[in-house]
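Engineer: I'll drop the sequence and a predicted model, then ask my questions.
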2 protein chains.
Amino acid sequence: MDEMGACCSASRELLGQLMDKWSVMVLYALRDGPLRFNAIKGALNGVTQKSLTQCLRRLERHGIVERRVIPASPVAVEYEVTPLGRSLGQLFLSMYTWTRDNMADIESAKAAYDARHPLAEAA
Amino acid sequence: MDEMGACCSASRELLGQLMDKWSVMVLYALRDGPLRFNAIKGALNGVTQKSLTQCLRRLERHGIVERRVIPASPVAVEYEVTPLGRSLGQLFLSMYTWTRDNMADIESAKAAYDARHPLAEAA
DNA sequence: CAGAATCCATATAGATACTG
DNA sequence: CAGTATCTATATGGATTCTG
């Protein structure tokens, strides 16, 4: 694979990190302003502390969200989307749009494929 | 999470299927026309038969590539990108562009984060 | 409150061997 | 040639418990 192939691969790897199971929804949950840890956890359905913590750490490390500790007792921690994070949100929006526009075609392709291949119809 | 959140989630799930480790590069390898199985395998570096087969099956099932068996001895199998696949390729291109344009910011954010957090600098 | 640490179930990738 | 089948190593996610 040549240069462009390698770049595609790097891009995929980076977005793979940023598009894990919860990141998209975290970014969406924070669209109107900062939230505290448990507020985010409440906004997402079914996320565990561990997964959410990992997700937020990764987003923080990549500069997508900012973590702010508010000294209090007990401590409060706020997360806010950065400008870079908003830019990523725009990209997510174009992905969402593509999915919405092509979902029907993809579903019918899957149905046709499953009809041709009677066995093994995993998701 | 409300409607939009659910749609984001569905979008992420779909693209997660279509953006696995090799799909992007398969699509890129087929950009100039159909190729046979082993030709694709040769174009990608380090892919195993199993992984490539799984990848191609998934792309075929979603209507991204078309599989064509050419009766011969031994049989030949060609894979070609569909129009839907080309549309997905455009989306991949916009992802690649975003990555390229923001890679520097992300890398410096990572470096700053790792400087603040001396331990545990996993990728 | 906001995590850290631990344990466990499952999913996935890779290597290898075999086949129509 | 173009796969399938099998086994194993590893990564990942969830549940649970504990703490400053």
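Structural biologist: Good, I have the coordinates.
Engineer: C-alpha only now, for contacts and for neighbours.
Structural biologist: Will do.
Engineer: packing partners for the host helix or strand of A:Q54?
Structural biologist: Element membership of A:Q54, judged by DSSP states H and E, is helix A:49-61. With contacts defined as 3 or more C-alpha pairs under 8 Å, 6 or more residues apart in numbering or on different chains; DSSP states H and E, the packing partners of helix A:49-61 are helix A:3-18, helix A:23-29, strand A:65-70, helix B:83-116.
Engineer: Output the first one as PDB - backbone C-alpha positions only.
Structural biologist: Translated: helix A:3-18. In PDB, the C-alpha atoms belonging to helix A:3-18 read as follows (Å, rounded to 0.1, in the frame of the first residue of the first chain):
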ATOM      1  CA  GLU A   3       1.300   6.800   0.800                       C
ATOM      2  CA  MET A   4      -2.400   7.500   0.500                       C
ATOM      3  CA  GLY A   5      -3.200   4.000   1.700                       C
ATOM      4  CA  ALA A   6      -1.000   4.500   4.700                       C
ATOM      5  CA  CYS A   7      -2.700   7.900   5.400                       C
ATOM      6  CA  CYS A   8      -6.100   6.200   5.100                       C
ATOM      7  CA  SER A   9      -5.000   3.600   7.600                       C
ATOM      8  CA  ALA A  10      -3.700   6.300  10.000                       C
ATOM      9  CA  SER A  11      -7.000   8.100   9.700                       C
ATOM     10  CA  ARG A  12      -9.000   5.000  10.300                       C
ATOM     11  CA  GLU A  13      -6.900   4.200  13.400                       C
ATOM     12  CA  LEU A  14      -7.400   7.700  14.800                       C
ATOM     13  CA  LEU A  15     -11.100   7.800  14.200                       C
ATOM     14  CA  GLY A  16     -11.400   4.300  15.500                       C
ATOM     15  CA  GLN A  17     -10.100   5.700  18.800                       C
ATOM     16  CA  LEU A  18     -12.400   8.700  18.700                       C
END
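Engineer: Say whether DNA strand D is contacted by it.
Structural biologist: No: using C-alpha under 7 Å from any atom of the strand as the criterion, no contacts between helix A:3-18 and DNA strand D are found, and the smallest distance is 8.8 Å.
Engineer: and that helix with DNA strand C, contact?
Structural biologist: No: interface with DNA strand C: helix A:3-18 contributes nothing (C-alpha under 7 Å from any atom of the strand), its closest point being 12.0 Å away.
Engineer: pLDDT averaged over the helix holding A:Q54, what's the number?
Structural biologist: Along helix A:49-61, the predicted confidence averages to a pLDDT of 95.
Engineer: CA atoms only: put it into PDB for me.
Structural biologist: Taking Å, rounded to 0.1, in the frame of the first residue of the first chain, the C-alpha atoms of helix A:49-61 are listed here in PDB:
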ATOM      1  CA  GLN A  49     -18.300   4.100  35.300                       C
ATOM      2  CA  LYS A  50     -15.300   2.200  33.900                       C
ATOM      3  CA  SER A  51     -16.200   2.600  30.300                       C
ATOM      4  CA  LEU A  52     -17.200   6.200  30.700                       C
ATOM      5  CA  THR A  53     -14.000   7.000  32.500                       C
ATOM      6  CA  GLN A  54     -11.900   5.400  29.800                       C
ATOM      7  CA  CYS A  55     -13.900   7.200  27.100                       C
ATOM      8  CA  LEU A  56     -13.500  10.600  28.800                       C
ATOM      9  CA  ARG A  57      -9.800  10.100  29.400                       C
ATOM     10  CA  ARG A  58      -9.300   9.300  25.800                       C
ATOM     11  CA  LEU A  59     -11.300  12.200  24.600                       C
ATOM     12  CA  GLU A  60      -9.400  14.500  27.000                       C
ATOM     13  CA  ARG A  61      -6.100  13.200  25.900                       C
END
